[in-house]
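J.: only geometry, no sequence info:
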Ligand code: NDP
């Protein structure tokens, strides 16, 4: 009898422990299960104002030569009413809807139906079927990495059209810029709403869903971790890495074509923006397999933040420099252009090398050389929802010994270079560096909060070894 009771107690204790482990590990993965008032207020602010911000920027270029203050002054002084501005705004057109639908369908086809061949002939390129990181429920998803192929095919067709076929003008994106904005918004909202419904009714992996009980938070930050349709259509990888980012370089080319059409030449500032952002985009596709291990794919759930953000925010606000240069063609003096190029390339180098060092370190489990030496690191452990214990390492040498997010510092330098290419006449092109500073600082804090709850005391050892976040000695 006593033995039976002891057995029952042990079983209860085990169950209790498992529940505690589950709770603890959910915390360790840094998911916000309780939504504080500040997060809620920020979310409501973004849901309401982010689409208006995008509209404001694009409208101010179309109607006010990219002045950010003139529309406000016009409204405040009663010179214009909201309805005047709205009435001058192009509406959704059948042409834009057709272009946009074709674009998205084409990218879906490239994504799901053409397996990668680039990895077969490009030395050093990792493509084809690759595995993502372990999810909190312990799942390892497989992805078809064929973004570089999609980018190449799309751009070859673009150049073939521009130089031989002339089915459409290369200025097509600029010429339909606002009607296309409405299409992007429709898709952004549709996909976020669909993702929310899917999370409730037919999730891909129920154990990887996160319900905070707050409708707005769930809509914005997402319920499902890796929503999929079928085996291969992964929402996060597709929306993060296809329609918006493939379009980024085409949008810039369209802006350059518009400069050529309007002024008979393409300015050196436009070329710099095209080249520097082109390098960034190509880098993204060259390293798409690595991207599976970044925060967007590894830790963020799929909601409005990613769905709408990738459809609207990214293609419209990341390309503001090119748009600005159509309205203000800036020809930089050689010294200015050289500084922009150097800041951009140095930023890119830091960004790429820092990311590469972490990737190499993690791939080889520390059995590699960083700056000619064996890397230094801190051993750490964490648990998944099912209570399985995992081990990991945090590197404390190379760029990762300088600061905990030196990759963000490089990214910020690159972002600054795009803005500097536009001269100093207007604020609008500088929105990007302001936004990226806020985004990456917030991301840094968010990531550290997550890592701290994931690794516990090991994270404390790490922050003691590498005390600065972005700038050694300063922050
Ligand atoms: P990181 O690539 O810096 O990844 C952070 C993760 O790396 C942490 O969560 C942790 O994950 C692991 N990690 C942290 N410190 C160490 C260390 N010392 N050694 C080994 N692993 C470590 O962040 P992101 O995914 O945010 O960014 C990737 C790149 O994308 C960055 O260069 C960033 O600039 C860029 N980016 C660009 C954006 C844009 O809009 N242009 C937006 C966002 C990012 P784990 O849990 O595995 O330990």
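T.: Noted; the coordinates are in hand. Bear in mind that the values here come from a model prediction, so they are computed numbers and not experimental data. Numbering: from 1, shown residues only.

J.: burial measure for residue 435, as a count.
T.: A total of 16 residues lie near residue 435 under the criterion other C-beta atoms under 10 Å. (Each C-beta comes from the backbone N, C-alpha and C, glycine too.)

J.: and the closest residue to it other than its chain neighbours, what does it touch?
T.: Excluding the flanking residues, the one nearest residue 435 by C-beta to C-beta, 6 or more residues apart in numbering is residue 317, at 6.9 Å. Residue 317 makes contact with 54, 57, 431-432, 435, according to C-beta atoms under 8 Å, 6 or more residues apart in numbering.

J.: try 7 Å this time
T.: Going by C-beta atoms under 7 Å, 6 or more residues apart in numbering, residue 317 touches 54, 57, 431, 435.

J.: now swap in residue 329 and tell me
T.: Counting by C-beta under 7 Å, 6+ apart, residue 329 has contacts 259, 263, 267.

J.: ok, now residue 103?
T.: If a contact means C-beta under 7 Å, 6+ apart, then residue 103 has residue 243 as its contacts.

J.: equivalent analysis for the one 4 residues further on, please.
T.: Contacts for residue 107 (C-beta under 7 Å, 6+ apart) come out as 150, 242-243, 246.

J.: how much space separates it from residue 340?
T.: When distance is defined by C-beta to C-beta, to the nearest Å, residue 107 is 31 Å away from residue 340.

J.: ok and the residue in the stretch 101-250 of the chain nearest the ligand?
T.: Nearest residue of the stretch 101-250 of the chain to the ligand: residue 133, at 6.6 Å (C-beta to the nearest ligand atom).

J.: helix or strand next in line after the lengthiest helix in the chain, which one?
T.: If you go by DSSP state H, the chain has its longest helix at helix 334-363. Remark: after helix 334-363, the chain's next helix or strand is strand 377-383, criterion DSSP states H and E.

J.: now the strand or helix carrying residue 120: mean pLDDT?
T.: Using DSSP H and E, residue 120 sits in helix 118-121. Helix 118-121 shows an average pLDDT of 95 in the prediction.

J.: hmm, who's touching that helix?
T.: 125-128, 148-149.

J.: for the contacts of residue 329, which single residue is the most surrounded?
T.: Neighbour counts for those peak at residue 259, which has 22 neighbours (criterion: other C-beta under 10 Å).

J.: neighbours of the closest residue to the ligand within the stretch 251-400 of the chain, how many?
T.: Taking C-beta to the nearest ligand atom, the ligand has its nearest neighbour within the stretch 251-400 of the chain at residue 294, 3.0 Å off. Close neighbours of residue 294, defined as other C-beta under 10 Å, add up to 17.

J.: which residues touch it?
T.: Taking C-beta under 7 Å, 6+ apart as the definition, residue 294 has no contacts.

J.: what pLDDT is listed against it?
T.: 81.

J.: check the offset of the host helix or strand of residue 445 from the chain's centre.
T.: According to DSSP H and E, residue 445 maps onto helix 431-455. The chain centre lies 12 Å from the centre of helix 431-455; the measure is C-alpha atoms, centre = their mean, to the nearest Å.

J.: quick one, it and strand 377-383 angle?
T.: 70 degrees (axes from the mean of the first three to the mean of the last three C-alpha atoms, to 10 degrees).

J.: elements contacting the following helix or strand past helix 431-455?
T.: Counting by DSSP H and E, the next helix or strand C-terminal to helix 431-455 is helix 457-465. Counting contacts by 3 or more C-beta pairs under 7 Å, 6 or more residues apart in numbering; DSSP states H and E, helix 457-465 packs against strand 377-383.

J.: enumerate the positions of the strand it packs on that are buried.
T.: Across strand 377-383, burial judged by 16 or more other C-beta atoms under 10 Å covers 377-378, 380, 382-383.

J.: now these as CSV including distance to the ligand and pLDDT?
T.: Compiled in CSV, the buried residues of strand 377-383 are given as follows (distance: C-beta to the nearest ligand atom, whole Å; pLDDT from 0 to 100):
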residue, distance to the ligand, pLDDT
377, 7, 91
378, 8, 91
380, 8, 90
382, 8, 82
383, 12, 77
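
J.: ok, those vs residue 43, which is closest?
T.: Closest approach to residue 43 among the buried residues of strand 377-383 (C-beta to C-beta): residue 382, at 27.3 Å.
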